[in-house]
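[1] take this sequence and fold it.
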Amino acid sequence: MMPALEERGYFWWNDEIIPKGHLAPNSSVPGLLKIEDNGRIDLELDGVLPSAHDPFAVMDDQGKVLDRYIQGILKASGRRALLIEVIPNGGELRSSGISSQRFLAINCLVGEDAFAAGNDPLIAGSLEVGLSGFEGWLRLRSIRISRSKERVSAEYTKPEPAVYETDNGTLTFNFNIAGRSPVGGQSDNFSMKEEATLVYVLKETANLEGLRQLYGLLEDLFILLTDSNYRLDWPFIRLNTDARFRWYFQRMRGDISATAPSWDECWTSFPQLREVFGTIWSNWKRKREQFGPGFYLYLGTRRGVSLYTEHRFVNLIWGIEAFHRTKHAAVASGALKEKITRIVDDVCLPRDKNWLRKKLKYAHEPALADRIYEAFKDLPLGLDLKTLHSFSKECADARNDISHFGGHRRGGSYTDFARNLEKMSEALSTLYHCLLLSEIGVDGQVLHWWLHEGYQSYRLKWYFVEVGLLPKEVLRPRGDGGAQPTAAKAPLNNKD
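    Have a look, this model is predicted:
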């Protein structure tokens, strides 16, 4: 994997003043800045930055986050770089050779403009993310090609921006074209490609930590909407000076082999959601906070993270249980609580009463199988509720076997147990995915179509059949009385 950036330049403490007419202060040191694909930021200097301490200060503060920034000017591109939350990471002092100094950094900004001297906290007013790789989800198709024996022409009609007002800012999809497109004259080649950019202009400025949380929310939402672990591009931010910089930071490596999602792999598409995307984003941001683990435990099984079969299954169950506890926190059986209290009160010995009260403390809460069933029963997927209840009980029993008995305990080999667990996990993951999309406002028709008629429906239904959620007949070709998926047209939007 190629690094996101690797370039030599000159670097100095950002609180040093650059003399007028100079590109860098006299104390600047040459070095190599390297930013890995996962956001690891390394700076190796061919010398030592000045210090108010003794010459051996290069070895001080190892592993400590400094309150000083490092600025640099890059040799090949001429761009400026600012390393923030810098951490000394070793170095060498040589009396008869070249000394060196190494740093890590948590954040790095790279752009055309110079940075103001000093170490004041950085404040930004917008976040901009290119959506390269998500063309399959966007489905723009705004370039019209016509061809004859004598002539080929391409016409591009720029789509109108999609603008959404949210509680903390304005979210906008901007559209444009990129490529080799000479103006006038003649050329032996020509290329044109549509592109889209997501711009979030905040009502109130935010620090880098707040922007990172916002970026993470966007990245997680695109996992749900596209059913893909493909990562968003590195974002741009605008500082309070209105200067625009590419922003690099440490992030989960995820699945580096994940390819851009094609149009037939995405659970939703932008044309389906365009009219309501602002509502979906607001719901996602609010409910991600409200439900906490009920949302992010599903996402924890994504991002290309490898999990053992049992670990993935239990994570899904934990998340569904957490979702149900939050969604139905006030729906506890009052009659059952009263019955338990009456039984406990009938016990005569105080010590027995206290023991029984502790044992029955959570007896009024729904069983795990009931929680799983209740979480999924209202999904608009056309599932038979009896088979859903049976599946929910099987999942609860398997979770209890793993948690309380260390694995399978009902005969058969471990291989058979793990294979069955994998099938249940696949079905659970699909149901959980639908649950979250439904919760944030994706129309039920879209979800029902994707399961029963969509481009990936055969694979999804195969797992549902294997765990008993659907009859085998749904896998038969249509000519044989079944419902083999075709290229039927998906619902265009939430109003259809």
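
[2] quick one: residue 397 is in a helix?
    Yes: assigned with DSSP: H, G, I helix; E, B strand; the rest coil, residue 397 falls within a helix.

[3] so who does it touch?
    residue 369 (CB atoms under 8 Å, 6 or more residues apart in numbering). C-beta here means a position set from N, CA and C on the backbone, and glycine is covered the same way.

[4] repeat for residue 297
    315, 316, 318, 319, 322.

[5] go again with 7 Å.
    Residues near residue 297 by CB atoms under 7 Å, 6 or more residues apart in numbering: 315, 318, 319, 322.

[6] likewise for residue 311?
    Counting by CB under 7 Å, 6+ apart, residue 311 has no contacts.

[7] mind checking how far it is from residue 376?
    From residue 311 over to residue 376 the distance is 22 Å, taken as CB to CB, to the nearest Å.

[8] what residue of this protein is the furthest out?
    Within the chain, the residue lying farthest from the chain centre (CA atoms, centre = their mean) is residue 348, at 56.2 Å.

[9] on that earlier part again, would CSV of the contacts of residue 297 with neighbour count, distance to residue 215 and secondary structure be doable?
    Listed next are the contacts of residue 297 as CSV, based on neighbours: other CB atoms under 10 Å; distance: CB to CB, whole Å; DSSP: H, G, I helix; E, B strand; the rest coil:
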residue, neighbour count, distance to residue 215, secondary structure
315, 19, 24, helix
318, 16, 26, helix
319, 26, 22, helix
322, 19, 24, helix
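
[10] does the residue farthest from the centre of the chain belong to a helix, a strand or coil?
    coil.

[11] same check, this time on residue 153
    Assignment for residue 153 (three-state DSSP): strand.

[12] spatially nearest residue to it (excluding sequence neighbours)?
    residue 146 (5.1 Å; CB to CB, 6 or more residues apart in numbering).

[13] let me know whether the one you found touches residue 154 as I believe.
    No: under the criterion of CB atoms under 7 Å, residue 146 is not in contact with residue 154, lying 8.0 Å apart.

[14] ok, these two, which is more surrounded?
    residue 154 (14 against 9; other CB atoms under 10 Å).

[15] pretty sure the more buried one contacts residue 147?
    No: with contact defined as CB under 7 Å, residue 154 does not count as touching residue 147 (9.6 Å).

[16] from the chain's centroid, how far away is the longest helix along the chain?
    As assigned by DSSP state H, the longest helix anywhere in the chain is helix 414-440. In this view, helix 414-440 has its centroid 19 Å away from the chain centroid, taken as CA atoms, centre = their mean, to the nearest Å.

[17] burial count for residue 24?
    Other residues near residue 24 come to 18 when the count uses other CB under 10 Å.

[18] is it fair to say it lies in a strand?
    No: secondary structure of residue 24 (three-state DSSP): coil, not part of a strand.

[19] and the contacts of stretch 387-394?
    Contacts of stretch 387-394 (CB under 7 Å, 6+ apart): 369, 372, 373, 376, 377, 424, 467, 468, 469.

[20] SS state for the residue nearest to residue 153?
    Residue 146 is classified as strand under three-state DSSP.

[21] follow-up on the earlier one: tell me which residues of the longest helix of the chain are tucked away?
    Neighbour-count burial for helix 414-440, counted by 16 or more other CB atoms under 10 Å, picks out 417, 420-422, 424-440.

[22] re the thing from before, farthest-apart pair in the contacts of stretch 387-394, please.
    The most widely separated members of those, counting by CB to CB, are 377 and 424 (17.4 Å).

[23] check which element follows the helix or strand of the chain with the lowest mean pLDDT along the chain.
    Sorting the helices and strands of the chain by mean pLDDT, DSSP states H and E puts helix 334-345 at the bottom, at a mean of 70. Tracing the chain past helix 334-345, the next element assigned as helix or strand by DSSP states H and E is helix 350-359.

[24] what is the rounded mean pLDDT of that next one?
    The average pLDDT for helix 350-359 rounds to 73.

[25] strands along the stretch 251-400 of the chain, start to end?
    In the stretch 251-400 of the chain, no segments count as strands under DSSP state E, counting those that start in this stretch.

[26] pass me the low-pLDDT residue ranges in the stretch 201-350 of the chain, would you?
    Counting by pLDDT under 70, the stretch 201-350 of the chain contains low-confidence residues at 252-257, 304-305, 330-336, 340.

[27] let's go with 90 and repeat that
    239-243, 250-259, 300-310, 327-350 (pLDDT under 90).

[28] picking up where we left off before, include distance to residue 162 when you put the contacts of stretch 387-394 into a markdown table, please.
    Output for the contacts of stretch 387-394, formatted as a markdown table (distance: CB to CB, whole Å):
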| residue | distance to residue 162 |
| --- | --- |
| 369 | 43 |
| 372 | 37 |
| 373 | 38 |
| 376 | 32 |
| 377 | 34 |
| 424 | 39 |
| 467 | 39 |
| 468 | 42 |
| 469 | 36 |
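
[29] before we move on, the earlier item: make TSV out of the contacts of residue 297 and add distance to residue 25.
    Shown next, in TSV, are those (distance: CB to CB, whole Å):
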residue	distance to residue 25
315	52
318	54
319	53
322	54
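
[30] any idea how far the residue farthest from the centre of the chain is from residue 121?
    According to CB to CB, residue 348 and residue 121 sit 66 Å apart.

[31] what do you get for residue 306?
    Residue 306 is 38 Å from residue 121, by CB to CB.

[32] and residue 175, helix, strand or coil?
    Assignment for residue 175 (three-state DSSP): strand.

[33] contacts only, for it.
    The contact partners of residue 175, taken as CB under 7 Å, 6+ apart, are 140, 158, 159, 161, 194, 196.

[34] for the third one, give its distance to residue 270.
    Here the distance between residue 159 and residue 270 works out to 10 Å (CB to CB).

[35] please say which of these two ends up with more neighbours.
    Using other CB under 10 Å, the more surrounded residue of residue 159 and residue 270 is residue 270, with 20 against 17.

[36] count the residues that sit near the residue nearest to that one when sequence neighbours are not counted.
    Of all residues not flanking residue 270 in the chain, residue 138 sits nearest, at 4.8 Å (CB to CB, 6+ apart). Neighbours of residue 138 under the rule other CB under 10 Å: 20.

[37] test my guess that residue 138 contacts residue 198.
    No: counting by CB under 7 Å, residue 138 stays clear of residue 198, with 10.3 Å between them.

[38] follow-up on the earlier one: next, the residue farthest from the centre of the chain: phi, psi?
    phi -80, psi -50 (degrees, to the nearest 10).
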